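> fold the following.
(one chain, ligands or ions: 1)
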Amino acid sequence: MTGSASSSTSQFGPAEGRILVRGAKVLGGEAQDILVVDGLIAEVAPAGSLEAGEGARVIEAEGLVALPGFVDLHTHLREPGKEAAETVLTGTQAAAKGGYTAVFAMANSTPVADSAGVVEQVFTAAKNAGWAEVRPVGAVTKGLAGAQLADLGAMADSRAQVRMFSDDGMCVHDAAIMRRALEYVKAFDGFVAQHAQEPRLTEGAQMNEGEMSATLGLPGWPAVAEEAIIARDVLLADHVGSRLHVCHVSTAGSVEIIRWAKERGIAVTAEVTPHHLLLTDELVESFNPVYKVNPPLRTSKDVHALRQAVADGVIDVIGTDHAPHTESSKSCEWSQAAMGMTGLETALSVVVASLVETGLAGWDRVAEIMSTTPARIGGLADQGQPLEAGSAANIVLVDPSASRTIDAAAMATKGRNSPFHGMTLPAAVVATIFHGHPTVLDGELATAHPASGGRA
Ligand SMILES: NC(=O)N[C@@H](CC(=O)O)C(=O)O
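Sure thing, here's the model as predicted:
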């Protein structure tokens, strides 16, 4: 593993009270009782052996799998400025329903999160909402314009404790600026998360460049536009001895470059989105803008390579790239439509369909890619902890035998742009426990953490 950001403290303290989770299969193994007392896991013991005690809430979890609460390094919460598409409140409710206890909020809001003021605003909104930990991501460049470094130090020193910096949505394409950002973040053990897209090679691009784009007559987005930036950036990270995280890897060639970099000991981590693990560019034939996304859906060869890379450990984490959009920015012709898909409430099911049911990952690997490793990369000390006594009680309970038909209209996110709408997918989140407080019970939102502003 290639390092982690220095640990930051939680926005939320432990919630008071007792919860007994009865008979859950911890990481898919033996059935255990998990006793939570005042926000911490007090005891884990064989099923049937623990007493709930007075005033305890009992969650019957026979047949369910217990995992550490999920952590997403790549969420668009849209606040401030694009509240018609999502707010910190609705986005973190979507996170809770998806089994997430912490999300990193990308910086492409309006105004851009490129100053201490904006990141603190997002941080405070999340504290008021109370559905999940939120770590604002700071922009690398002012206004995401790619020309001048943002005030990274002020964001790191702010109450929001920013350690992750990204111009996501835009690529930090200027090599000298990327180099300076990588050098700068070393001072506070931060890292740069790159949206790898060479801008000149993708001007006007509408979908993956390949057979399908040729057939449909849409301007293509070549794999090399992603791969060239990743190759450059791993070399830069090596040169200055800094940490790089590659957002939403989408091509087989990118996997090979990251594999090469890791073999050389370069400090690079990488993420893949759920949609790039399941969907291909053949869907674009429908011209339904719900399939328009950045980076674009690729080919089945890429999907296969990405799945294998998660199994091999070349790709470290699942990042949802949850990108909610308003109805009007998606209900238009393909070329005019916004890019992006929602993902928080479907991530687990897509991971199970693409990795667990295919035999490429077990529940222990799911815990790593959705919780333990993103928590470590992002420097969240009390997330992604093992489910054992003394850990913060951030827990998700999953029904592995569930089968659900995805309904975008029934989601907590404001975004209706789910590419999985209408699909039947395996597994469901039954309960989410956030610092000892149940935010989701029986698959539905319960109440916000008591230390929040209390809006339910
Ligand atoms: N992933 C997307 O397709 N869209 C993202 C930004 C981006 O990464 O382009 C968004 O903010 O909507």
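> give the contact list for the residue positioned nearest the centre of the chain.
Residue closest to the average C-alpha location in the chain (CA atoms, centre = their mean): residue 72, at 2.6 Å. For residue 72, the contacting residues are 95, 100, 102-104, 318-320, 322, 344, 347, 374, taking CB atoms under 8 Å, 6 or more residues apart in numbering as the criterion. Using the backbone N, CA and C atoms, a C-beta is placed for each residue, glycine as well.
> pretty sure it sits in a helix.
No: applying DSSP: H, G, I helix; E, B strand; the rest coil, one finds residue 72 to be strand, outside a helix.
> kindly state the beta-bridge partners for it.
Residue 72 has these beta-bridge partners by DSSP bridges: residue 103.
> export the contacts of residue 72 to JSON lines and tack on distance to residue 278 and secondary structure?
Formatted as JSON lines, the contacts of residue 72 follow (distance: CB to CB, whole Å; DSSP: H, G, I helix; E, B strand; the rest coil):
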{"residue": "95", "distance to residue 278": "20", "secondary structure": "helix"}
{"residue": "100", "distance to residue 278": "19", "secondary structure": "strand"}
{"residue": "102", "distance to residue 278": "24", "secondary structure": "strand"}
{"residue": "103", "distance to residue 278": "21", "secondary structure": "strand"}
{"residue": "104", "distance to residue 278": "22", "secondary structure": "strand"}
{"residue": "318", "distance to residue 278": "12", "secondary structure": "strand"}
{"residue": "319", "distance to residue 278": "15", "secondary structure": "coil"}
{"residue": "320", "distance to residue 278": "13", "secondary structure": "coil"}
{"residue": "322", "distance to residue 278": "15", "secondary structure": "strand"}
{"residue": "344", "distance to residue 278": "15", "secondary structure": "coil"}
{"residue": "347", "distance to residue 278": "11", "secondary structure": "helix"}
{"residue": "374", "distance to residue 278": "19", "secondary structure": "helix"}
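> dump the residues you listed to a markdown table, plus neighbour count and distance to residue 149.
Written out in a markdown table, the entries for these read as follows (neighbours: other CB atoms under 10 Å; distance: CB to CB, whole Å):
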| residue | neighbour count | distance to residue 149 |
| --- | --- | --- |
| 95 | 34 | 30 |
| 100 | 35 | 30 |
| 102 | 30 | 27 |
| 103 | 34 | 25 |
| 104 | 27 | 20 |
| 318 | 31 | 29 |
| 319 | 33 | 24 |
| 320 | 30 | 27 |
| 322 | 32 | 27 |
| 344 | 30 | 30 |
| 347 | 28 | 32 |
| 374 | 29 | 25 |
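> where's the spatially closest residue to residue 285 that is not a sequence neighbour relative to residue 107, distance?
With CB to CB, 6 or more residues apart in numbering as the criterion, residue 285 has its nearest non-adjacent residue at 6.6 Å, and that residue is residue 216. Residue 216 sits 33 Å away from residue 107, going by CB to CB, to the nearest Å.
> compare those two and say which is more crowded by neighbours.
It is residue 107, of residue 216 and residue 107, that has more neighbours when counted by other CB atoms under 10 Å, with 31 against 15.
> shaky segments in the stretch 151-300 of the chain?
For the stretch 151-300 of the chain, applying pLDDT under 70 flags no range at all.
> all strands of it, in order?
With DSSP state E, counting those that start in this stretch as the criterion, the stretch 151-300 of the chain has strands at 164-165, 191-194, 207-208, 220-221, 244-246, 268-272.
> and the residue in the stretch 51-200 of the chain that the ligand sits nearest to, what does it touch?
Of all residues in the stretch 51-200 of the chain, residue 169 sits closest to the ligand, at 3.5 Å by CB to the nearest ligand atom. Listed by CB under 8 Å, 6+ apart, the contact set of residue 169 reads 106, 108, 144, 195, 294.
> possible to save the strands of the stretch 151-300 of the chain as TSV with distance to residue 336?
As requested, these are arranged in TSV below (distance: least, CB to CB, whole Å):
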stretch	distance to residue 336
strand 164-165	31
strand 191-194	27
strand 207-208	14
strand 220-221	17
strand 244-246	29
strand 268-272	28
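> from the contacts of residue 169, pick the one nearest residue 257.
residue 195 (15.7 Å; CB to CB).
> just want the phi and psi numbers for residue 365.
Note on residue 365: its backbone torsions stand at phi -70, psi -40 [degrees, to the nearest 10].
> burial measure for it, as a count.
Around residue 365 sit 17 other residues, with neighbours defined as other CB under 10 Å.
> I'd like to know how far it sits from residue 307.
Between residue 365 and residue 307 the distance is 12 Å, computed by CB to CB.
> what do those two both touch?
For the pair residue 365 and residue 307, residues contacting each of them under the criterion CB under 8 Å, 6+ apart are residue 355.
> thinking again about what came up before, which ones are touching the residue nearest to residue 285?
When the contact criterion is CB under 8 Å, 6+ apart, the partners of residue 216 are 207, 284-285, 287.
> tell me, how many residues neighbour the closest residue to residue 291 other than its chain neighbours?
Taking CB to CB, 6+ apart, and ignoring the residues beside it in sequence, residue 291 has residue 283 as its nearest neighbour in space, at 4.5 Å. Other residues near residue 283 come to 17 when the count uses other CB under 10 Å.
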